[in-house]
Structures are given as C-alpha cells and as structure tokens.
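Undergrad: Next comes the sequence, and after it the predicted model I'd like to discuss.
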Amino acid sequence: MDEESQLLLYVSALKRCPSLRFQSFHRTVSTSKEAPTETSTETPTETPTEVLFSEIRGIPDSLKRNLTDRGFSRTTPVQGRVIQEVLPDNENAVVQAKTGTGKTLAFLLVAIKDMLKGKPSLHSKKIHSVILSPTRELALQIFEEAKKLTPGTGIKTTFTIGGNSKMSESNSIRKGFANILIATPGRINDHLTNPEVRNALSVNSFVLDEADRLMDMGFADTIKDIHRDVARPFTRRLCFSATMPPKVSDVFEAILGNKIKIVNCLDPNEPPTHERVPQFVVKTELDSLFHDSLALLQELSQQPSPRIIVFLPTIGMADFLADLFQSQLDIPCYALHSRLATGERRRITDKFRRAPKGILFATDVVARGMDFPNISQVVQIFSPSAVDDYIHRIGRTGRAGKSGESYLVVPKQEQYFLRSLSELPIQDYSVDGLSDEEIIKYNKNMQDISSDMRIQTLKTLYAAKSQIFEDRSQTKNSNELVLKLFGLEDEPAAKQDLMSSTYVRNIINKSSRMPDRKNRGYRQTSFKQSFRGNKPYKRQFDF
Ligand SMILES: Nc1ncnc2c1ncn2[C@@H]1O[C@H](COP(=O)(O)OP(=O)(O)OP(=O)(O)O)[C@@H](O)[C@H]1O
C-alpha cells in the first residue's frame, strides 16, 4: 500500500474507531521517503531514546551549555525520539508521550534548531516560531523554559496571553523583540488582525502544546484561522500531547496536511498514566464528601513535604474549600482559577511553586502541562469530565521520574465514572473519619461562611454536576444530601433561594420528567441552559 493511502487509512481509522488512540500506531503514516511507512501495533521503536545532549549534532554549543546549566545531561525518551526522528528533517509531526516526560524541551529544541538553521546564533527581528498553549499559566511556563534555553543564541522570546497588556505585547512584536512567540489562541488571534504583526511573521515552526485540548476547547476554528495567518509553505507544524483522541483528526488534517510523522512514546501495553503514580479512590456519600476530603488532606498533610494539588469541578468550589479547610489544615491553602486577574494568577502560581509545603485548590486551569516541582499528591474531588482529564490531572505528580500519588474522592452518584477507568490500576482507599472535636470545628467553620456564599457555591455544583441530580430515583435524595453537605439542611430560606434559581429548578424538574436511569443508558448531560436563566449554555472553559 503506497504511503498516501497509508495516511488516508490512518486518518479515516481515527475517525471510524472512537476508542482508537495513537497508542496503536507508532512512526506511522509518515510520507517522507526515508522514514518507514509501516503501520504497526508494536511497542515503540528500538531507537536509543536517551542520548547525551553533548553528543547531539545540529544544536549550537550555547544551547548545550544552557542545558548543562539546567542540570540536563541526557534526553528523556520523548526528547531522544524527537531529536532523532523529527529534528533532522523538516516534516510535520504529532508527538505523544506521557505527562511529565519533557515534551516542552522537545518542541523547544526543534523550534530553536529550525530558526537557527545550523548557525550558532540568530540575528533577526522576525517571529520564527509560534507556540500555542491552552492556558495562560502554561504559556508563561513555556516562556520561562524558552528563556532559560536561549541565552547566547540571539533568540528573543515573548508571550501574548489574555489579561496581559496588549499594547506592550504588540510593541514587542513590532519592534522585533520576538523570535519565539508563545501565545494563548484568543490573544494571538487578536494580534493577527494587526498588519504590522502579520508582517513580523516568518514562521519556521508552528507548535500546538496540549494539541488535543486546544482543538477540543472550542478553539478548533480559531486554531485553523491562526494557522492560516501564521503558517507559510516552509513552516513545520508540530502537535504535542500526552493524549490524542481521534476527535481532533479533522483539525489535524487541516493543519498537518498530508505529511505527518507520528512519534508515539506510549507503550500500548502500559496504562497511559505513570506506573510510578499509585492511584486510589475514596468512595463516599454525597453528604460526607467534604468530611472525607478533609480527613484525607489532614492525613496527607502529615507527610514530610506535603505539596498537594486538589482539583475541583468549579471556580466556586475551589475558593469555597480552600477557605473552609484552611483552619483545619496546618499547611497553607491556595485557590487558583480563571476568575482571578492574570497578575493574581501569576502570584499564586509562583507562591505555590516556591512553597515547601501547601495545598493548591484549583480548577482544570492547571490540569495540563503545568510543571509544579515535587507535587506529592493529586486529589480529585468529584469525578473529572473525561478520562483524558483524569490522566492529565494525575500527570501533575510523578514528573521527571519522581514519585507521587493520586486520590479520587467520588460520591456514590458518580461512581459510574470508575467504569471508564477500569483499565487503570486504581485501589480502594478508606480514610479515618474526623474526630468529634474536628467535626464540631468543621461545622462551626461551615456556619461561619455566609449561607449566601454556600448557596452560590452549591449552585455552581448544580451547573457542573447536573447528572448527580438528574437521576429521578435519587434526585430528592441528592438534593437533600447536598443541602446537608453545605450545612443548609436546617435553613428553609436557603432552600427557597436555591429553588429560586431557574437553572436548579429546571434540573430538578427535568429529572422528574425523565425515566429512571436504569431505563436509559447513562449519558453525560449536555445541558441547554445556564443556571443564570434561559440563555443558551456556553461551556465555560476555566482558563
Ligand atoms: N532531559 C531532561 N532531564 C531532566 N529533567 C528534564 C529533562 N527534560 C525536562 N525535564 C524536566 O521534566 C519535568 C517535566 O517536563 P515537561 O513539563 O516538559 O513535561 P511534559 O511532558 O510537557 O508534561 P505534560 O504532559 O504535563 O505537559 C520538568 O520539570 C522539566 O524541567
């Protein structure tokens, strides 16, 4: 079968097989003459994947010095594969490797090599590499990585992200202070309406980090628009992520065209998460979810250097639990989400990054790509929206060969989600309950939070977790349990306030109209209305 049909076979297979992931392919559908075009389900290639940076040809001594200064002597497997299979030529590539394995440095090395073109340093006022990130925090992190990598190369790096001064960004670009531009999609798309910015482009590499997330976040058309404005015939397109579900294939086709090299570092015989990250599940009742979460965090806080990230389903929940738990956890608690101003987000991110111990209560704004050093545990309270989210969240710990642990605290109403994790090595875990004294303190802390705040937070939970309340056989019970969870069971005014929300009422009424869950295949609710009324619900991405 010729190479062109290999590629068509591959992309159409991606569309046909919903469960297909790149694991079953490696170095496939490359239409480059010199690379093999076999389609195989074997384990990744035997190419030696960990090479010494000092032995790599094609990167200048200044770059090698900067790597040594970072304490990096040899590549990680994904870096080794990318350096040997992607760096030498100018092909587009899709690279998949587990979380925390050094994908950032891999694509930066390619971008730098592509713009230096064999010269030891660059003297240019043009943008030669555009790197897209789904979140501001990740864009800033990539920016910091690039700045540490480029001293002595003449390469200048800048970023454009929402919440940052657009004028200063535009000046940097127009005055030629940017050869590498790291951006979030919305902001760069704004800048590209400026002809002076477009004239500054001579892009050798167009990189999508967390590529599947970028295409999944409703950005697909924006990504295509940016690609149309940024890419030139000589531009190399690179897509990187730990997960690459097939739903991104049509956008891939639009961006990657018909010359794709697939570099897959996942072993199909291994789970997609780190074997170094033991995974546990705490099964709990809805009304004791906070109690059990607090008890777990108290237990984890006793270890020598507890640095924990707790993922919550909504912004309100992140703020609420950081506030509620702080006085019963003897380590600093931080809340991070997209409703904070960019400056505040940077301050909290930096503070937690430097803290010897602490707990970061966050939404998925830090679920992907974020590299906080020495995260001892990841705790997810409520189930994530999808298996990929579960994998990326876990990937915040166990990075760069370090150890870590993962805990999922899930109420009975969401334990169906565990079926989608059945291939992962998750063990049951039970926490010791809070002592009577701690329960008294907890209840006081809960009552110290205004019932308005508790109601508002509870409403966000209805919005994000409507499926918990849709099951008619459990709705009445679930409504009572969440009121108890928020200490509102004895506050009729609060119940009244909750029921005054159109959205909440619609969910509860909807469940009364729906057949019992046992008579219908469970499906993820794609709710039609925001809880602020009958406006069409636009999935709010918290980034
Ligand atoms: N060659 C190397 N040697 C040692 N450490 C490395 C090397 N390359 C990267 N690292 C470190 O490994 C950690 C993870 O790197 P990085 O954040 O790029 O992983 P990733 O694969 O992009 O993760 P994610 O999938 O979560 O985005 C970082 O702390 C980075 O500094």
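TA: Received the coordinates, thanks.
Undergrad: where does the stretch 51-200 of the chain come near the ligand, residue by residue?
TA: By the rule CB under 6 Å from any ligand atom, the part of the stretch 51-200 of the chain lying against the ligand is 72, 75, 76, 79, 97, 99, 100, 101, 102, 103, 104, 105. Glycine gets a C-beta too; all of them are placed from N, C-alpha and C.
Undergrad: you'd agree the last one is up against residue 142?
TA: Put plainly, it is residue 105. No. If you go by CB atoms under 8 Å, residue 105 and residue 142 don't touch, sitting 10.0 Å apart.
Undergrad: out of these two, which sits in the more crowded spot?
TA: residue 142 (25 against 22; other CB atoms under 10 Å).
Undergrad: In a helix, residue 503, correct?
TA: Yes. Read with DSSP: H, G, I helix; E, B strand; the rest coil, residue 503 is one of the residues of a helix.
Undergrad: Domain boundaries for the chain, per the record?
TA: 61-264, 273-439 (the TED database).
Undergrad: Take these and write them to a markdown table, including mean pLDDT.
TA: Shown next, in a markdown table, are the domains of the chain (pLDDT from 0 to 100):
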| stretch | mean pLDDT |
| --- | --- |
| domain 61-264 | 92 |
| domain 273-439 | 95 |
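Undergrad: Please, where are all the helices along the stretch 151-300 of the chain?
TA: Remark: helices assigned in the stretch 151-300 of the chain by DSSP state H, counting those that start in this stretch are 166-174, 185-191, 195-199, 211-214, 220-230, 249-256, 289-300.
Undergrad: Could you name the helices and strands sitting against the second one?
TA: Just to be clear, that refers to helix 185-191. Secondary-structure packing of helix 185-191 (3 or more CB pairs under 8 Å, 6 or more residues apart in numbering; DSSP states H and E): strand 127-132, strand 157-160, helix 166-174, helix 220-230.
Undergrad: For stretch 120-133, output the C-alpha coordinates as PDB.
TA: The C-alpha trace of stretch 120-133 is given here as PDB (Å, rounded to 0.1, in the frame of the first residue of the first chain):
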ATOM      1  CA  PRO A 120      25.300  29.400  16.100                       C
ATOM      2  CA  SER A 121      23.100  32.400  16.700                       C
ATOM      3  CA  LEU A 122      20.200  34.300  15.200                       C
ATOM      4  CA  HIS A 123      20.100  38.000  14.200                       C
ATOM      5  CA  SER A 124      16.500  38.600  13.200                       C
ATOM      6  CA  LYS A 125      13.600  40.800  14.100                       C
ATOM      7  CA  LYS A 126      11.100  38.300  12.800                       C
ATOM      8  CA  ILE A 127       8.900  35.800  14.600                       C
ATOM      9  CA  HIS A 128      10.200  32.400  13.600                       C
ATOM     10  CA  SER A 129       8.300  30.200  16.000                       C
ATOM     11  CA  VAL A 130       4.700  30.400  17.200                       C
ATOM     12  CA  ILE A 131       3.800  28.100  20.100                       C
ATOM     13  CA  LEU A 132       0.100  27.800  21.200                       C
ATOM     14  CA  SER A 133      -0.900  26.800  24.700                       C
END
